[in-house]
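K.L.:
A predicted structure for the sequence below; I have some questions about it.
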Amino acid sequence: MKLHCEVEVISRHLPALGLRNRGKGVRAVLSLCQQTPRSQPRPRAGGEPGGSHPACLLISTLKDKRGTRYELKENIEQFFTRFVDEGKATVRLKEPPVDIFLSKANSSSLRGFLSSMRLAYRGCDVDTPLSMLTPVKTSEFENFKTKMVITSKKDYPLSKNFPYSLEHLQTSYCGLVRVDMRMLCLKNLRKLDLSHNHIKKLPATIGDLIHLQELNLHDNHLESFSVALCQSTLQKSLRSLDLSKNKIKALPVQFCQLQELTELKLDDNELIQFPFKIGQLKNLRFLSAARNKLPYLPNEFKSLSLEYVDLFGNTFEKPKVLPVIMLQVPLTLLECSAQTILNNRIPYSSHIIPFHLCQDMDSAKTCVCGRFCLNSFIQGTTTMNLHSVAHTVVLVDNMGGTEAPIISYFCSVACYVNSTDMLK
């Protein structure tokens, strides 16, 4: 039985000697081996190999293919498995007094391997076949590939799994119509490039790739980006997202929960609006949404702090002279309640109030005064110079302009009158 992972063996005597460990694992092959002396015949099938010749742990690396052997029977002090779902675990041995740190392992393989180690520690028979105490071949380390680039359909693996240790996977021009579920088992992925395929829908399980920082979906057939993905672990990991050259008409308001995004590409879609809370993307620095169908920008666009913006080729409309008045007098009970909750930052969820009310408040409009409104508001449009939010601006049109229409909301007549932008 073997496990491919990164290993760091640390002596617990180091701190007492004033020494520090390297703090970095090395690629290794871990084997549960049968200790069969050369002078004795191998045990027959049906015998008791675990009892007569206990299993041991063999750690082999590229520099030491013969490996280092550790006894297991009654020699394990403790297992640390809190992060086993992330492919990490630690085995503390009694003799020698070392901690064996395991990382970047396939989580299911790691669980099985640890289970077998527990059996070996108790002196029980291990259910799976044990390896022989022989040097590991160089080919065994091929599974440690961290990068794989596939750019043709004929090279796409059909009968063989992707190396579990991949951190960068590109499968372009492969004719994929859906995301291969085998990719979603690659828990170490940091960059996933699925550009130039025919993918129509993204599985929510992409959000289970907890280390994913870059996702490239350029030139596919996507029509949406799901709310489930916006509320997944991608909120904390995703830095770069390329959705250009698809068929997306709108992004959900929850998209703005991907607050670690620094680069967003939305060129050549069918966008008719930005998420109106786009100003919440505080880390966004590069935004490209050229050649879409945007008629205007949301008011919170003013809150962005960009280094680069490209909105060329959109169908921007001229600001309307007269505002749209949707004020309600008196306010409805729903409006009053929602404004109170939102303005006072009172937490809410579908476990507390009906789901449709949560959706209404998630899509609440923000007045220029900072207060919120649902259905009672004044809507006005004006223009803004994109240089006010970005250092580098690509011209909005062929006429050399850098201004774009922006839509604003006002919770009262007083806010509308006091807005200098609207009185210009």
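P.N.:
Sure, I can see it. Residues are numbered from 1 along each chain as shown.
K.L.:
make it CA atoms for all contacts and neighbour counts henceforth
P.N.:
OK.
K.L.:
shouldn't S303 be in contact with V389?
P.N.:
Yes. S303 lies in contact with V389 (CA atoms under 8 Å); the separation is 7.5 Å.
K.L.:
who's more crowded, the two?
P.N.:
Remark: of S303 and V389, V389 carries more neighbours, 19 against 15, as counted by other CA atoms under 10 Å.
K.L.:
Could you find the closest non-adjacent residue to that one?
P.N.:
Nearest residue to V389 in three dimensions, chain neighbours excluded: S305, at 5.2 Å (CA to CA, 6 or more residues apart in numbering).
K.L.:
D397 now?
P.N.:
In space, and not counting its chain neighbours, D397 is closest to F312: 5.8 Å by CA to CA, 6+ apart.
K.L.:
how far away is that neighbour from S288?
P.N.:
Using CA to CA, to the nearest Å, one gets 9 Å for the distance from F312 to S288.
K.L.:
Please apply the same query to Q34.
P.N.:
As judged by CA to CA, Q34 and S288 stand 59 Å apart.
K.L.:
R27 now?
P.N.:
Using CA to CA, R27 is found at 40 Å from S288.
K.L.:
K88 now?
P.N.:
In terms of CA to CA, K88 sits 38 Å off from S288.
K.L.:
What sits closest to C5 if chain neighbours are left out?
P.N.:
Excluding its sequence neighbours, the residue lying closest to C5 (CA to CA, 6+ apart) is A105, at 4.6 Å.
K.L.:
Compute the number of surrounding residues for the one you found.
P.N.:
For A105, using other CA under 10 Å, the count is 26.
K.L.:
Per-residue pLDDT of it, please?
P.N.:
On the pLDDT scale, A105 is placed at 84.
K.L.:
just checking, it touches V7?
P.N.:
No. Shown here, A105 and V7 do not form a contact pair, counting by CA under 8 Å, at 9.7 Å.
K.L.:
Give me the distance between the lengthiest helix in the chain and the centre of its chain.
P.N.:
Across the chain, the longest stretch assigned as helix under DSSP state H is helix 107-122. Mean-position distance between helix 107-122 and its chain equals 29 Å (CA atoms, centre = their mean, to the nearest Å).
K.L.:
how about the CA coordinates for that helix, as CSV?
P.N.:
Output in CSV follows, covering the C-alpha atoms of helix 107-122 (Å, rounded to 0.1, in the frame of the first residue of the first chain):
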residue,chain,number,x,y,z
SER,A,107,-7.8,13.1,1.1
SER,A,108,-9.5,9.7,0.5
SER,A,109,-6.1,8.0,0.0
LEU,A,110,-4.8,9.6,3.1
ARG,A,111,-7.7,8.3,5.2
GLY,A,112,-7.2,4.8,4.0
PHE,A,113,-3.5,4.9,4.6
LEU,A,114,-3.9,6.2,8.1
SER,A,115,-6.5,3.5,8.8
SER,A,116,-4.0,0.9,7.8
MET,A,117,-1.4,2.5,9.9
ARG,A,118,-3.7,2.2,12.9
LEU,A,119,-4.1,-1.5,12.2
ALA,A,120,-0.4,-2.0,12.0
TYR,A,121,0.1,-0.1,15.2
ARG,A,122,-2.2,-2.5,17.0
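K.L.:
and the next element down the chain from that helix?
P.N.:
Following helix 107-122 in sequence order, the next helix or strand is strand 147-150 (DSSP states H and E).
K.L.:
List the neighbouring strands of that next one plus their orientation.
P.N.:
Counting by DSSP bridges, the strands paired with strand 147-150 are strand 168-171 (parallel).
K.L.:
what pLDDT, on average, does the strand it pairs with get?
P.N.:
On average, strand 168-171 scores 96.
K.L.:
and for it, what are the contacting residues?
P.N.:
Residues outside strand 168-171 that contact it (CA atoms under 8 Å, 6 or more residues apart in numbering): 146-152, 156, 189-195.
K.L.:
Would you point out the most distant pair within the residues you listed?
P.N.:
S152 and R190 (21.8 Å; CA to CA).
K.L.:
Of the two, which one has the most company?
P.N.:
Per other CA under 10 Å, whichever of S152 and R190 has more neighbours is R190, with 21 against 12.
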